[in-house]
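*Asks:* Kindly return the folded structure for what I paste below:
(one chain, ligands or ions: 2)
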Amino acid sequence: MNLRLVLGDQLNQKVSSLSDINKNTDVVLMCEVWEEATYVKHHKKKIAFIFSAMRHFAQELKEKGYKVHYTKLDDPDNAGSFSAELERTISIYKPEKVIITEPSEYRVLQDIKSLDLDVPIEVRPDNRFLSTHSEFSSWAEGRKQLRMEYFYRQMRKKYNILMSGDKPEGGEWNYDNENRKAPKEGLSIPQSFMSEPDEITQEVIDLVSERFSKHFGDLYPFHFAVTRNQALQALEQFIKERLINFGDYQDAMIQGEPWMYHSHLSFYINCGLLLPLECVEAAELAYREQQAPLNAVEGFIRQIIGWREYVRGIYWLKMPKYEDENFLQAKRKLPWLYWGGDTQMNCLSQCVKETKENAYAHHIQRLMVLGNFALIAGLDPDEVNEWYMIVYADAYQWVELPNVTGMILFADGGVLGSKPYAASGAYINKMSDYCKRCRYKVSKKNGPDACPFNYLYWDFLIRNEDKLRSNHRLTMIYRTLERMSEEKVEAIKNDSKRFFKTLDGGEIV
Ligand SMILES: Cc1cc2nc3c(=O)[nH]c(=O)nc-3n(C[C@H](O)[C@H](O)[C@H](O)COP(=O)(O)OP(=O)(O)OC[C@H]3O[C@@H](n4cnc5c(N)ncnc54)[C@H](O)[C@@H]3O)c2cc1C
Ligand code: SF4
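*Replies:* Ligands and ions are numbered 1, 2, ... in the order given. Model (predicted):
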């Protein structure tokens, strides 16, 4: 018999470790381990979601006649780590070998490889992704710049998605220029998918409430899908109700509307409940049946077969050194406001509040508010990475790290993005209604009432001039800086100094 180890983000019967399972002899091992739940202090909702999805998946396997050895977190003989649990179950079942799908995170793969077990361990490719490690590295080899757009086109062709013969559907590969509409008043945003906790979920919620009370985030209300059927319903609901507007308002932010027209599927795709290709095919079908416009469908598909696969490719190409990148030598400690501390900056306050409540923020909140501030305030990449790993229910290092180190902090010096995503308050004002309710004035560039993003943006460019000036995408911006009067530059530096003194002193900004 073989022992088949299924990790908490491999919850799909099509996963490679289960492909040739013998129901009569083999045993599936699943375990909730303290080490994984606490190596960073994950958001309470994230832990409850993953444990509940694992327990439901184990139940489904059992109902289908599989033998499952499931260790709950509070089982008295839980050994606490994957390695210890593996050793314990090997001594019980004495398998010929252990079979596992490659862990999605480098750290876990290293742990598995370093195990000294009495039986061989077979690590199979992770078929929850659409591109393999070797495919990505051959694509990357010899390229001066690794741009997502070119990788994405290759994926479109490979899977024949939104293609018209060998040409992209509609004539263009990318319709992003149609996807930047500012939010308008009176938008009616459909409710996101919600499921009510059943007995299994309630038991997990009680466990998390008792054991992880000190972790960040609200546990209630809990409405995540926790089974494949529910996740499929969430997908269907997105395709029917929100995909139509996904493109237009992809970058828009409205106070009190955390979910907008996004899909809220990352949790389910990342833990295996949904497969990326089925999400993409459902969106393409909606386009072919004229249920959703091309700009929305192409935009959604690009996020999944483009960005998602691309960041994973970068992760495996660049690990383990990628974890230590700090191109801009940023050192500032993560301010308390990221943990819900008071701030008068309304955009940050809203995005942190929603993150705490939902273990979710949509892409533009993560990128252009929380991420933009982390970049221009010079926050330490280690601290920022840890925060993003903790707070989002979809966070796993393979996706979190490239988005933080590469996309928001430019800490990799331009491997992932061609320039830093720094922006002043004008961007946030254009794409949201946050500024209307803020104590700061977005129209003011300097002085105590000015929006801090306005002067911090220029201060960031000044502070990092030696590293960024040669970036050709910043040439125009540095020319504008050159033309600024000395008084203006002094005002920017003084405002930023005052702001940082308050921030670093732990006072409210
Ligand atoms: C700083 C930062 C940190 C992030 N951390 C994570 C993370 O830990 N886990 C995570 O899944 N995504 C992360 N993202 C990417 C993106 O913000 C989330 O995937 C998205 O917000 C999830 O919500 P959604 O399902 O409603 O996405 P939608 O906007 O509906 O997009 C559809 C799908 O595309 C994929 N996707 C979109 N953008 C990206 C991207 N940049 N990288 C990878 N996949 C993408 C996701 O699977 C998502 O479900 C991060 C982005 C930033 C800027
Ligand atoms: S004024 Fe500035 S700080 Fe306030 S919400 Fe707008 S961008 Fe954010």
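*Asks:* What count of nearby residues applies to the closest residue to S131 other than its chain neighbours?
*Replies:* Closest residue to S131 apart from its sequence neighbours, by C-beta to C-beta, 6 or more residues apart in numbering: E309 at 4.7 Å. Any C-beta I mention is one placed from the backbone N, CA and C, and that applies to glycine too. Burial of E309, expressed as a neighbour count using other C-beta atoms under 10 Å, amounts to 21.
*Asks:* Per-residue pLDDT of E309, please?
*Replies:* At E309, the model reports a pLDDT of 98.
*Asks:* try Q59
*Replies:* Per-residue confidence at Q59 stands at 98 (pLDDT).
*Asks:* Go ahead and confirm it touches I200.
*Replies:* Yes - with the criterion set as C-beta atoms under 8 Å, Q59 and I200 qualify as a contacting pair; they are 7.2 Å apart.
*Asks:* Have a look at the two and say which one is more surrounded.
*Replies:* Neighbours were counted for Q59 and for I200 using other C-beta under 10 Å; I200 has more, 18 against 14.
*Asks:* Please verify my assumption that the more buried one contacts S52.
*Replies:* Yes - I200 is in contact with S52 according to C-beta under 8 Å; the separation is 6.1 Å.
*Asks:* Can you pull the residues that touch both of the two?
*Replies:* Taking C-beta atoms under 8 Å, 6 or more residues apart in numbering as the criterion, I200 and S52 both touch V226.
*Asks:* Contact partners for the residue nearest to S131?
*Replies:* Counting by C-beta under 8 Å, 6+ apart, E309 touches F129, L130, S131, F136, F151, M155, P276.
*Asks:* Skipping its backbone neighbours, what lies nearest N270 in space?
*Replies:* Computed as C-beta to C-beta, 6+ apart, the closest residue to N270 that is not its neighbour in sequence is D394, at 5.0 Å.
*Asks:* What helix or strand is that neighbour located in?
*Replies:* When elements are defined using DSSP states H and E, D394 is found to belong to no helix and no strand.
*Asks:* Next, count neighbours for it.
*Replies:* Look at D394: counted by other C-beta under 10 Å, it has 19 neighbours.
*Asks:* Would you mind measuring from it to A252?
*Replies:* Going from D394 to A252 by C-beta to C-beta, to the nearest Å gives 20 Å.
*Asks:* now do A234
*Replies:* Where A252 is concerned, A234 sits at a distance of 21 Å (C-beta to C-beta).
*Asks:* just to revisit the earlier point, may I see the buried residues of the helix or strand where the residue nearest to S131 lies?
*Replies:* Mapping E309 onto the secondary structure by DSSP H and E places it in helix 309-318. Of the residues in helix 309-318, those buried under the neighbour-count criterion (16 or more other C-beta atoms under 10 Å) are E309, Y310, V311, R312, G313, I314, Y315, W316, L317, K318.
*Asks:* Ligand 2: which of those residues is nearest?
*Replies:* V311 (26.6 Å; C-beta to the nearest ligand atom).
*Asks:* what sits against that closest one?
*Replies:* Listed by C-beta under 8 Å, 6+ apart, the contact partners of V311 are W398, V399, P402, N403, G406, M407, L416.
*Asks:* isn't the residue nearest to N270 right next to S263, touching?
*Replies:* No - the pair D394 and S263 does not pass the contact test of C-beta under 8 Å, sitting 11.2 Å apart.
*Asks:* P95 - how many residues pack around it?
*Replies:* P95 sits with 21 neighbouring residues when counted by other C-beta under 10 Å.
*Asks:* measure stretch 244-252 end to end?
*Replies:* Distances were taken as C-alpha to C-alpha, to the nearest Å; on that basis the terminal residues of stretch 244-252 are 15 Å apart.
*Asks:* do the same with stretch 382-401
*Replies:* Using C-alpha to C-alpha, the end-to-end distance of stretch 382-401 comes to 10 Å.
*Asks:* do it and ligand 1 meet?
*Replies:* Yes - counting by C-beta under 6 Å from any ligand atom, contacts between stretch 382-401 and ligand 1 involve Y388, Y392, D394, A395, V399, E400.
*Asks:* Would you pull up how far that stretch lies from the middle of the chain?
*Replies:* Counting by C-alpha atoms, centre = their mean, to the nearest Å, stretch 382-401 is centred 7 Å from the centre of its parent chain.
*Asks:* Likewise for stretch 434-447?
*Replies:* Centroid displacement of stretch 434-447 relative to its chain, using C-alpha atoms, centre = their mean, is 29 Å.
*Asks:* F216 versus the closest residue to ligand 2 within the stretch 151-300 of the chain, what's the distance?
*Replies:* Closest approach between the stretch 151-300 of the chain and ligand 2, counting by C-beta to the nearest ligand atom: Q255, at 9.5 Å. Relative to F216, Q255 is positioned 22 Å away (criterion: C-beta to C-beta).
*Asks:* sorry, back to before: mind putting the residues of stretch 382-401 next to ligand 1 into JSON lines with pLDDT and distance to L73?
*Replies:* Compiled in JSON lines, the residues of stretch 382-401 next to ligand 1 are given as follows (pLDDT from 0 to 100; distance: C-beta to C-beta, whole Å):
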{"residue": "Y388", "pLDDT": "98", "distance to L73": "24"}
{"residue": "Y392", "pLDDT": "98", "distance to L73": "21"}
{"residue": "D394", "pLDDT": "98", "distance to L73": "21"}
{"residue": "A395", "pLDDT": "98", "distance to L73": "19"}
{"residue": "V399", "pLDDT": "98", "distance to L73": "24"}
{"residue": "E400", "pLDDT": "98", "distance to L73": "23"}
